[in-house]
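Student: could you look at this predicted model? Sequence included:
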Amino acid sequence: MHADVLALLLVWLLCACGASSRSRGRTLQTYSHIRSRRETTRTEGGVRKPGSPILKRSPDITKNPVTKSEQLLRIDDHDFTMRPGFGGPAIPVGVDVQVESLDTISEVDMDFTMTLYLRHYWKDERLSFPSTTNQSMTFDSRLVKKIWVPDMFFVHSKRSFIHDTTTDNVMLRVYPDGKVLYSVRVTVTAMCNMDLSHFPLDTQTCSLEIESYAYTDDDLMLYWKKGNDSLKTDERISLSQFLIQEFHTTTKLAFYSSTGWYNRLYINFTLRRHIFFFLLQTYFPATLMVMLSWVSFWIDRRAVPARVPLGITTVLTMSTIITGVNASMPRVSYIKAVDIYLWVSFVFVFLSVIEYAAVNYLSTLQERKERKLREKLPCTCGTSHSGQIMMSSSYSEMDAMTTGHYGMPEMNGDKRERILVQLALDKEQGAHGQGGNTRSYNSSIWIDTHAIDKYSRVIFPGAYTLFNIIYWSIYS
């Protein structure tokens with residue numbers, strides 16, 4: 001009986017193990033089937049199939065690098081590194097300019113700064129496109145880099161740039177027949193050779209020169225599109241120191257020994273300097289200093305503390321004016337008109353100081369001679385009228401010994417303008433004897449030192465007036 005029970009348990013265990021194995025097999029098969037179905041679904045979505053290489057994503061048509069306009073212009077079908085009509089005649093490129101502003105004119109750096117719109121016109125049949133409305137297409141700087149454009153540059157320019165606020169100020173307009181308009185907004189600082197020999201009464205002519213950098217006249221013919229009408233200016237253009245008299249254009253050929261002949265376009269403008277600023281700052285002060293130096297001619301020649309500082313002050317003021325004018329000017333090797341005026345004025349001021357030095361020196365000599373004559377004169381007490389001593393002076397006897405007292409009143413209230421010392425001494429050595437031997441001594445001295453001041457009052461203003469007449473007739 002125990003054997004039957006063990007046999008039943010063994011059969012039951014075997015049945016249980018078989019059911020478990022079949023259940024595990026069905027579970028593994030179900031998991032494998034689900035995984036296989038997922039991989040099949042992903043493969044159909046375009047990722048990859050099991051055992052196949054990695055596939056690329058389908059391209060995004062919204063990010064196609066070739067736009068419709070470029071396809072219309074057939075940009076990729078041509079080589080735009082070559083000029084239009086390569087191998088044939090020179091391509092004509094018309095130019096016109098609109099001057100927006102003339103910013104600064106510098107005499108020190110010998111240059112000017114100008115902002116302008118530079119426009120080029122040419123025809124490139126490679127850019128022609130079919131159009132039923134004959135309307136042009138306009139592009140910005142992005143397309144300019146992909147096609148051929150003239151390689152213009154500014155001759156003798158120091159600095160230049162294309163404006164880029166808020167984007168590059170570049171415009172390209174293409175017409176159906178292949179005509180192209182290319183416009184840029186440029187600010188350029190260029191050299192201007194100035195002749196300052198008539199400064200500040202001068203007139204300057206400056207030029208902005210435009211030329212192709214690589215293409216000679218065999219490849220590119222540069223010309224003004226409408227002649228002198230190709231240059232337009234803003235009516236509001238004005239400068240603080242100059243009056244713009246004229247704008248005009250010219251065309252010339254430039255030759256380089258290593259590369260050949262090039263077409264060159266010129267924008268010429270004439271400037272006349274405003275004189276009123278320099279009249280106020282330079283000419284009027286210099287003239288007033290010269291006139292102030294003449295005041296010393298009316299001051300008493302013995303007033304040394306009054307005349308000497310006046311002369312020194314005017315000399316130093318003229319030196320300051322000359323230094324201030326030259327500080328703002330280039331160091332040219334020739335004489336300017338303002339230099340002539342200032343230095344002649346300086347000479348007049350300096351001569352007024354020298355004039356007083358001469359007057360003072362001659363007055364001192366005269367005083368010494370008078371003292372010596374007084375010492376030689378004998379006493380005239382009780383002498384007859386035949387021996388006469390006459391002394392006439394612009395100052396008293398006390399003033400003859402010292403210059404500390406001047407301006408004392410004289411007879412009739414007038415200051416005598418000259419010194420006359422006349423000595424007449426007739427001395428007889430006996431009324432009835434000595435055989436009528438008579439000894440006489442006559443001496444006369446005539447020196448008029450104050451006359452130098454009198455003549456200077458006329459000569460200095462007259463000479464300076466004559467100089468001004470000649471100066472302004474030549475330079476104005």
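Tutor: Yep, that arrived. Just so we're clear, the structure is a prediction, and the values are computed from it rather than from any experiment.
Student: which helix or strand contains Tyr464?
Tutor: In the assignment (DSSP states H and E), Tyr464 maps to helix 451-475.
Student: strands along the stretch 251-400 of the chain, start to end?
Tutor: Ranges of strands in the stretch 251-400 of the chain, per DSSP state E, counting those that start in this stretch, are 260-273, 388-392.
Student: hang on, the earlier thing: buried stuff in the helix holding Tyr464?
Tutor: Neighbour-count burial for helix 451-475 flags 452-453, 456, 460, 464, 467-468, 471, 475 (criterion: 16 or more other C-beta atoms under 10 Å). (C-beta placed from N, C-alpha, C; glycine too.)
Student: which elements pack onto it?
Tutor: Contacts defined by 3 or more C-beta pairs under 8 Å, 6 or more residues apart in numbering; DSSP states H and E place helix 451-475 against helix 284-293, helix 337-376.
Student: can you tell me which of the strands of the stretch 251-400 of the chain is most buried?
Tutor: For these, the largest average neighbour count (mean count of other C-beta atoms under 10 Å) is found in strand 260-273, namely a mean of 18.
Student: ok, that strand: who's next to it in the sheet?
Tutor: Strand 260-273 pairs in its sheet with strand 203-212 (antiparallel), strand 242-256 (antiparallel), by DSSP bridges.
Student: what's the most buried one of these?
Tutor: Of the strands paired with strand 260-273, the one with the most neighbours on average (mean count of other C-beta under 10 Å) is strand 203-212, at a mean of 19.
Student: what does it contact?
Tutor: For strand 203-212, contacts defined as C-beta atoms under 8 Å, 6 or more residues apart in numbering pick out 93, 95, 105, 112, 114, 116, 118, 150-156, 188, 190, 192, 194-195, 220, 222, 242, 245, 254, 262-273.
Student: buried ones in whichever helix or strand comes after it, by neighbour count?
Tutor: Using DSSP H and E, the next helix or strand after strand 203-212 towards the C-terminus is strand 220-224. The neighbour-count check on strand 220-224 (16+ other C-beta under 10 Å) flags 220-222, 224 as buried.
Student: adding pLDDT and distance to Met289, write those residues out as a markdown table.
Tutor: A markdown table is the format used below for these (pLDDT from 0 to 100; distance: C-beta to C-beta, whole Å):
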| residue | pLDDT | distance to Met289 |
| --- | --- | --- |
| Leu220 | 94 | 60 |
| Met221 | 94 | 61 |
| Leu222 | 95 | 55 |
| Trp224 | 96 | 52 |
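Student: select, out of the strands of the stretch 251-400 of the chain, the one closest to Val308.
Tutor: Evaluated over the strands of the stretch 251-400 of the chain, closeness to Val308 peaks at strand 388-392, with 28.5 Å, by C-beta to C-beta.
Student: give the rounded mean pLDDT of the closest one.
Tutor: Taken as a whole, strand 388-392 has an average pLDDT of 42.
Student: stretch 128-141 too?
Tutor: Mean predicted confidence for stretch 128-141 is 85.
Student: how about that stretch as CSV, C-alpha atoms only?
Tutor: The C-alpha trace of stretch 128-141 is given here as CSV (Å, rounded to 0.1, in the frame of the first residue of the first chain):
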residue,chain,number,x,y,z
SER,A,128,19.1,87.3,-67.0
PHE,A,129,15.9,85.5,-66.2
PRO,A,130,12.5,85.0,-67.8
SER,A,131,9.8,87.5,-66.6
THR,A,132,6.4,88.3,-67.9
THR,A,133,6.1,91.5,-65.9
ASN,A,134,9.6,92.8,-66.6
GLN,A,135,10.1,93.5,-62.9
SER,A,136,13.5,93.5,-61.3
MET,A,137,14.5,91.5,-58.2
THR,A,138,16.3,93.2,-55.3
PHE,A,139,18.8,91.4,-53.0
ASP,A,140,21.0,92.3,-50.1
SER,A,141,24.7,91.6,-49.4
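Student: what's it in contact with?
Tutor: With contact meaning C-beta under 8 Å, 6+ apart, stretch 128-141 is reached by 69, 72-74, 167-168, 170-178.
Student: can you do 6 Å?
Tutor: Residues from elsewhere that reach stretch 128-141 (C-beta atoms under 6 Å, 6 or more residues apart in numbering): 72-73, 168, 170, 172-178.
Student: ok, and the closest non-adjacent residue to Ser106?
Tutor: Excluding the flanking residues, the one nearest Ser106 by C-beta to C-beta, 6 or more residues apart in numbering is Phe112, at 7.2 Å.
Student: what helix or strand is that neighbour located in?
Tutor: Going by DSSP H and E, Phe112 is in strand 111-123.
Student: helices and strands around that strand, which ones?
Tutor: strand 91-106, strand 179-191 (3 or more C-beta pairs under 6 Å, 6 or more residues apart in numbering; DSSP states H and E).
Student: partners of that strand in the sheet?
Tutor: strand 91-106 (antiparallel), strand 179-191 (antiparallel).
Student: comparing the strands of the stretch 251-400 of the chain, which yields the minimum mean pLDDT?
Tutor: When the strands of the stretch 251-400 of the chain are ranked by mean pLDDT, strand 388-392 comes last with a mean of 42.
Student: now do the same end-to-end measure for stretch 151-167.
Tutor: Criterion C-alpha to C-alpha, to the nearest Å; first-to-last residue distance in stretch 151-167 is 21 Å.
Student: now Ser240. Nearest residue, chain neighbours left out?
Tutor: Using C-beta to C-beta, 6+ apart and skipping residues adjacent in sequence, the residue nearest Ser240 is His274, 7.8 Å away.
Student: could you point out which of the helices and strands packed on helix 451-475 sits nearest Ser258?
Tutor: Ser258 lies closest, by C-beta to C-beta, to one member of the helices and strands packed on helix 451-475: helix 337-376, at 41.9 Å.
Student: so what touches stretch 273-289?
Tutor: Residues contacting stretch 273-289 (C-beta under 6 Å, 6+ apart): 200, 202, 241-242, 314, 317-318, 321, 325, 342, 345.
Student: just the ones of those in helices?
Tutor: Cross-referencing the contacts of stretch 273-289 against helices under DSSP state H gives 314, 317-318, 321, 325, 342, 345.
Student: now do the strand holding Phe112: everything it contacts.
Tutor: By C-beta under 6 Å, 6+ apart, the residues outside strand 111-123 that reach it are 91, 93-105, 150, 158, 178-189, 191-192, 206, 225.
Student: quick one on the thing from earlier: just send the helices and strands packed on helix 451-475 back as CSV, with distance to Ile210 too.
Tutor: Output for those, formatted as CSV (distance: least, C-beta to C-beta, whole Å):
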stretch, distance to Ile210
helix 284-293, 43
helix 337-376, 33
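Student: which of those helices is buried the deepest?
Tutor: helix 284-293 (a mean of 18).
Student: for the record, mean pLDDT for that one?
Tutor: On average, helix 284-293 scores 96.
Student: go through the strands paired with strand 111-123 and name the closest to Gln366.
Tutor: Shortest distance between Gln366 and the strands paired with strand 111-123, using C-beta to C-beta, is found for strand 91-106: 58.4 Å.
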